[in-house]
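1. Generate a structure from the sequence data that follows.
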Amino acid sequence: MSLAPSHLAALVLLLRLSAPAAEIVAVFPAPQYTALKPGLDFAQIHVESVPWRIHLVRLDRRQPGLQLRSTLGGGEVIGLATVPAQARACAAPGWTPLAAVNGGYFREARGPERGTLAGLLILDGELLSRPANTSFWVDATNGLHIAVVHAKMEITWPDGTTSPLGLNELPATNRPALITPRYGSQIQVADGLAVELRAPGGKPFPALRASSNYTAVAGAHHAAGRIAIPRAAALLLAHPAQRARLEALADGAILRFTTACSHDLSSARTALGAGPTLLTGGVANPSLLRPGADARRNPRTAVGFNDRYCFLVVVDGRGLRSAGMNYAELTRLLTQLGCTEAINLDGGTSTTLWVNGDVVNSPSGWLTPAVADALVILRRDE
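-> This next block holds a predicted model:
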């Protein structure tokens, strides 16, 4: 039986997308980089036949004075802001932001959780949100890592029993949530109960670190409603199903909790959660390449790296000039760039690349979107 040319082309494409990453045939023009600063380059790739508009920032990991840092939409607290605003806000004495992309997934629906993170976020070593999926992190020695990280956060009640613990999110049926001052100045609680937690000895509640253990002292109780979050304390929220747990906490009761994760993140200074994983050890994620995998093209943002370089990658989509990519196509691109590890970040209308003071891509919503976090490249001033 002979195949029609269109069927033959589809078969060839399927075989290519099902191959290991090292065997995927490159179809993208080689990027022509322009130096932004020593160790930092920028390139754009246009493929008119699809069409695609691809934007790349390449960071030389051997170049001293360049640093990757996560940011918060609310600056010091959880919130929403554009990538340019977040990049500019993280400028500090001795450090200049040069490039930035949107970060991980977040909750967009209006309500008390609008703008809260839907995965891991570590900001300057402080844990702000628990891992819930694939995560990217930078350790204290600037080592880069990607892995599926699971939260093992727990609280130990005074009677010795334990419960899973959320962080800066509304509580679930059997998972109370710890709300730190990073959440903001107040939180709206529809039902349930809240208890203030302080550090032993009257000390301010500590900035949390991942993979660490803590002791807290129970204080004032608060009924549902708009509850102020003390700057020197935290709140423990419980679902109505666990209300009795909090009602039983006497003033001064001792609780213990852990920020344990499936991976040791104690040395992580920057981290965000997104996914899925695209490349591991130079091998493509097989679930993205098998027949039946999600083939929808959308605007995409990704981070990839190898021993020499780290890449911020943005692909425009949902427009006449650029169709966007599916995960298989994005994996192929990152493979051609030489990445051995790569992760997909939040995409769609969030997709934004900011370079040297300007948004260089074309966000699909026309306006530069507000997002919950960003990943910024900063340069130490000479």
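2. just checking, residue 328 is part of a helix?
-> Yes - assessed by DSSP: H, G, I helix; E, B strand; the rest coil, residue 328 belongs to a helix.
3. how close does it get to residue 176?
-> The spacing between residue 328 and residue 176, counted by Cβ to Cβ, to the nearest Å, is 41 Å. Using the backbone N, CA and C atoms, a C-beta is placed for each residue, glycine as well.
4. what helix or strand is residue 377 on?
-> Using DSSP states H and E, residue 377 sits within strand 373-380.
5. go on, residue 244?
-> Secondary structure (DSSP H and E) places residue 244 in helix 243-247.
6. Over to residue 210?
-> With DSSP H and E as criterion, residue 210 is part of no helix or strand.
7. quick one: it and residue 265 touch, right?
-> Yes - between residue 210 and residue 265 there is a contact at 3.6 Å, judged by Cβ atoms under 8 Å.
8. got any residues that touch both of the two?
-> Here residue 210 and residue 265 have 122, 127, 271 as joint contacts, going by Cβ atoms under 8 Å, 6 or more residues apart in numbering.
9. ok, so of those residues, who is nearest residue 133?
-> residue 271 (12.1 Å; Cβ to Cβ).
10. Would you mind pointing out the helix or strand that closest one falls in?
-> Per DSSP H and E: strand 268-274 holds residue 271.
11. what pairs with that strand, and is each one parallel or antiparallel?
-> strand 121-123 (antiparallel), strand 134-139 (antiparallel) (DSSP bridges).
12. and of the ones you listed, who's closest to residue 33?
-> strand 134-139 (22.7 Å).
13. Pull out the buried positions in the closest one.
-> 134, 135, 136, 137, 138, 139 (16 or more other Cβ atoms under 10 Å).
14. same thing with stretch 294-312?
-> Applying 16+ other Cβ under 10 Å to stretch 294-312 flags 297-306, 309-312 as buried.
15. Could you pull up the mean pLDDT of that stretch?
-> Stretch 294-312 carries an average pLDDT of 96.
16. okay, that stretch in PDB with CA atoms only?
-> Listed in PDB are the C-alpha atoms of stretch 294-312, where the atom choice follows Å, rounded to 0.1, in the frame of the first residue of the first chain:
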ATOM      1  CA  ASP A 294      -1.200  17.500  23.600                       C
ATOM      2  CA  ALA A 295      -0.500  19.000  20.200                       C
ATOM      3  CA  ARG A 296      -2.100  22.400  20.800                       C
ATOM      4  CA  ARG A 297       0.100  25.400  19.900                       C
ATOM      5  CA  ASN A 298       0.200  28.200  22.400                       C
ATOM      6  CA  PRO A 299       2.500  31.000  23.400                       C
ATOM      7  CA  ARG A 300       5.300  29.400  25.400                       C
ATOM      8  CA  THR A 301       7.900  30.400  28.000                       C
ATOM      9  CA  ALA A 302      10.700  28.000  29.000                       C
ATOM     10  CA  VAL A 303      14.000  27.800  30.800                       C
ATOM     11  CA  GLY A 304      16.700  25.400  29.700                       C
ATOM     12  CA  PHE A 305      20.400  24.900  30.400                       C
ATOM     13  CA  ASN A 306      23.500  22.900  30.000                       C
ATOM     14  CA  ASP A 307      26.900  23.000  31.600                       C
ATOM     15  CA  ARG A 308      27.800  26.200  29.900                       C
ATOM     16  CA  TYR A 309      24.700  28.200  29.200                       C
ATOM     17  CA  CYS A 310      21.200  29.000  30.600                       C
ATOM     18  CA  PHE A 311      18.500  30.000  28.100                       C
ATOM     19  CA  LEU A 312      15.300  32.100  28.600                       C
END
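17. Fine by me, we can end here.
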